[in-house]
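1. Sequence and predicted structure below; questions after.
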Amino acid sequence: MNKFKITETCLRDGHQSLIATRLTTDEILPILGEMDKVGYNALEVWGGATFDSCIRYLNEDPWERLREIRKIIKNTKLQMLLRGQNILGYRHYADDVVEKFIFKSIENGIDIIRVFDALNDLRNLKTSIDSVKKYGAHLQIAMSYSISPVHTNEYYIKLSKDIENMGADSICIKDMSGILLPYEGYELIREIKKNISIPLEIHTHSTCGLGEMLYLKAVEAGADIIDTAISTFGGGTSQPPTESIVKSFENTKYSTGIDFERLEVIADYFKPIREKYLDQGILSSKSYYINPQIIETQLPGGMISNMVNQMKAQGAENRFDEVLEEIPRVRKDLGYPPLVTPLSQMVGTQAVMNILSKEKYKMVSKEIKDYIKGLYGKPPAEIDSDLKKKILGDEEEITCRPADLIENEFLKFKEESASFAKNDEDVLSYILFPQIAKNFLEKKYNQNDKQVININLEFN
Ligand code: CO
């Protein structure tokens, strides 16, 4: 069995990576009929920044977008991305909120939920896993891919087995920085495939110039599904382009059977939309710069420019190389966290502070302190014991699942939002993004009320 399938990401990661998640529902809906005929494994349409962007910038209800998409997509599975106990935000939410969010996502049309934890601490996924199973969606558990002395093939093989044993329907290698090298990926995928029986999906980005090569080797190694984005919103910081991948395997034993001309129709549809975002300056040519430096630093491009600015503000930009050298040391001290949001920012800022102050770890952010305390979960390796002592002093470390310490909170927020939230979906929007959801919902329902009044007047 050499066939592999494709998950199309342009409606989530693709536009998140290239145009700051600005596609509107009106821009998405007209092409869905065509997309539904392609024969994708799934369409990734929700999660990540889509939710935030809808209410923050687009004045759209993300739940309504999902329902509208579901109405048109009859044959293809709809997929979303969920940050485990963080849902779509950055803090840990209570279990009842995680469960409610998953229930509502499935009820509104999601078929496949990809859950992951930045530290690969499976305890942080427990409630998500139980809830996805309970409400009957396909459970995919993703492993954050990272490079460090502890992130060996053995580490990922053990993690894959644990994930399969936890009841996952499929598993994903999530290479969010696009740093997985083609031949290393080939070995890793082969080893994992030998040890698990559920389907294996690969997710990468073209940022470092490796994505397309990785997919070639991944398919040869037996990957069951790969994530691509239609060319209009593919390449660069996004996923490798769907058409190029499909074409590469045509007339080989790996052929996807996907109709290339149909993909061209989809790509063409998005072209004027891409031009619009280019003209508005939302799509930047910088998103297509190839950044192999990330393979070494593992820092997302945006993170590097952030740190340069921090150093400039301190008049110390000439010491930036020292910061780059400090990053691997900070990472080691902290037990090798994968450098993904929010850990990449935390590690980067700590490296800056270590270089700028005379004594290392004299200044630490609240986030780093919480991390050392165990509030983010269990790091891949032990945190340096001297550092732990220095930061925590007499304070006790947390060794339980962090969410065990959070009281159920859905009802509290429901009461708090009673004056502007009309249903549980609204309450969930409010819990995830309190201030902007409140503004959005007040505006939304006021507008509707006014429209109703206007119509009534007209007919009077
Ligand atoms: Co991604």
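-> Looks like it came in fine.
2. Confirm that Gly185 sits in a strand.
-> No. Under DSSP: H, G, I helix; E, B strand; the rest coil, Gly185 sits outside any strand and is assigned helix.
3. Sketch out the strands for the protein, chain order is fine.
-> Secondary structure of the chain (DSSP state E): strands at 5-8, 42-47, 78-82, 112-116, 138-144, 170-174, 200-203, 225-228.
4. Contacts only, for Arg401.
-> Arg123, Asn124, Lys126, Gly377 (Cβ atoms under 8 Å, 6 or more residues apart in numbering). C-beta: built from backbone N, CA, C; applies to glycine.
5. circling back to that earlier point, a markdown table for the strands of the chain, including distance to Lys443?
-> Compiled in a markdown table, these are given as follows (distance: least, Cβ to Cβ, whole Å):
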| stretch | distance to Lys443 |
| --- | --- |
| strand 5-8 | 32 |
| strand 42-47 | 22 |
| strand 78-82 | 25 |
| strand 112-116 | 30 |
| strand 138-144 | 35 |
| strand 170-174 | 35 |
| strand 200-203 | 35 |
| strand 225-228 | 35 |
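6. State the distance from Ala351 to His151.
-> 19 Å (Cβ to Cβ, to the nearest Å).
7. More neighbours: these two, which one.
-> Ala351 (24 against 19; other Cβ atoms under 10 Å).
8. what about the nearest residue to the more buried one once chain neighbours are set aside, how many neighbours?
-> The shortest distance from Ala351 to any non-neighbouring residue, by Cβ to Cβ, 6 or more residues apart in numbering, is to Glu326 (4.1 Å). Glu326 has 20 neighbouring residues, counting by other Cβ under 10 Å.
9. Over to Ile198?
-> 17.
10. next one: Gln280
-> 10.
11. I'd like the numbering to begin with 59 instead of 1 from here.
-> Happy to do that; since the first residue is 59 now, the last one works out to Gln338.
12. phi, psi of it?
-> Backbone torsions for Gln338, taken as degrees, to the nearest 10, come to phi -80, psi -10.
13. so which of the strands of the chain comes closest to the ion?
-> strand 258-261 (5.7 Å; Cβ to the ion).
14. Strand partners (parallel or antiparallel) of the closest one?
-> If you go by DSSP bridges, strand 258-261 pairs up with strand 228-232 (parallel), strand 283-286 (parallel).
15. How about the contacts made by the closest residue to the ion within the chain?
-> Relative to the ion, the nearest point of the chain is Asp71 (4.4 Å; Cβ to the ion). Contact partners of Asp71, counting by Cβ under 8 Å, 6+ apart, are Glu102, Gly106, Leu139, Asp285, Ala287, Ser296, Gln297.
16. re the thing from before, tabulate the strands of the chain (CSV), appending mean neighbour count.
-> As requested, the strands of the chain are exported to CSV (neighbours: other Cβ atoms under 10 Å):
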stretch, mean neighbour count
strand 63-66, 24
strand 100-105, 25
strand 136-140, 25
strand 170-174, 25
strand 196-202, 24
strand 228-232, 23
strand 258-261, 25
strand 283-286, 26
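17. Is there proximity between stretch 259-268 and the ion?
-> No. Stretch 259-268 does not reach the ion (Cβ under 5 Å from the ion); its nearest approach is 5.7 Å.
18. Run the chain-centre distance for that stretch.
-> Relative to its parent chain, stretch 259-268 has a centroid offset of 13 Å by Cα atoms, centre = their mean, to the nearest Å.
19. before we move on, what about stretch 300-312?
-> Distance, centroid of stretch 300-312 to centroid of chain: 26 Å (Cα atoms, centre = their mean).
20. Quick check: buried residues in that stretch?
-> With burial defined by 16 or more other Cβ atoms under 10 Å, the residues of stretch 300-312 counted as buried are Thr300, Glu301, Ile303, Val304, Ser306, Phe307.
21. shouldn't the second one be in contact with Leu321?
-> Yes. Under the criterion of Cβ atoms under 8 Å, Glu301 lies in contact with Leu321, with a separation of 4.7 Å.
22. ok, Thr407 - contacts?
-> Counting by Cβ under 8 Å, 6+ apart, Thr407 has contacts Met365, Gln368, Ser423.
23. which residues of the stretch 59-208 of the chain score low on pLDDT?
-> Within the stretch 59-208 of the chain, the ranges that satisfy pLDDT under 70 run 59-60.
24. So Glu441 sits against Leu392, correct?
-> Actually, residue 441 is Ile rather than Glu. Yes. The pair Ile441 / Leu392 is scored as a contact, 5.8 Å apart, by Cβ under 8 Å.
25. Report the set of residues contacting both of these two.
-> By Cβ under 8 Å, 6+ apart, the residues touching both Ile441 and Leu392 are Ile430.
26. Pull the residues that contact stretch 233-245.
-> 202-203, 205, 211, 231, 246, 260-266, 268-269, 271-272, 274-276, 278-279, 352-353, 356-358, 397-398.
27. Just the mean pLDDT for it, thanks.
-> Averaged across stretch 233-245, the pLDDT comes to 96.
28. Stretch 495-510 now?
-> 80.
29. quick one: stretch 406-413 to chain centroid distance?
-> With Cα atoms, centre = their mean, you get 25 Å for stretch 406-413.
30. in the stretch 359-508 of the chain, what spans have low per-residue confidence?
-> Looking at the stretch 359-508 of the chain by pLDDT under 70, you get 359-360, 505-508.
31. ok, which stretches of it are helices?
-> 359-371, 378-391, 401-414, 424-431, 443-450, 468-474, 482-490, 492-517 (DSSP state H, counting those that start in this stretch).
32. mind putting those in a markdown table, distance to Ile170 included?
-> A markdown table is the format used below for the helices of the stretch 359-508 of the chain (distance: least, Cβ to Cβ, whole Å):
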| stretch | distance to Ile170 |
| --- | --- |
| helix 359-371 | 28 |
| helix 378-391 | 32 |
| helix 401-414 | 26 |
| helix 424-431 | 30 |
| helix 443-450 | 39 |
| helix 468-474 | 24 |
| helix 482-490 | 19 |
| helix 492-517 | 25 |
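33. Is it possible to get TSV of the ones you listed that adds distance to the ion?
-> Listed next are those as TSV, based on distance: least, Cβ to the ion, whole Å:
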stretch	distance to the ion
helix 359-371	14
helix 378-391	21
helix 401-414	14
helix 424-431	22
helix 443-450	31
helix 468-474	29
helix 482-490	20
helix 492-517	23
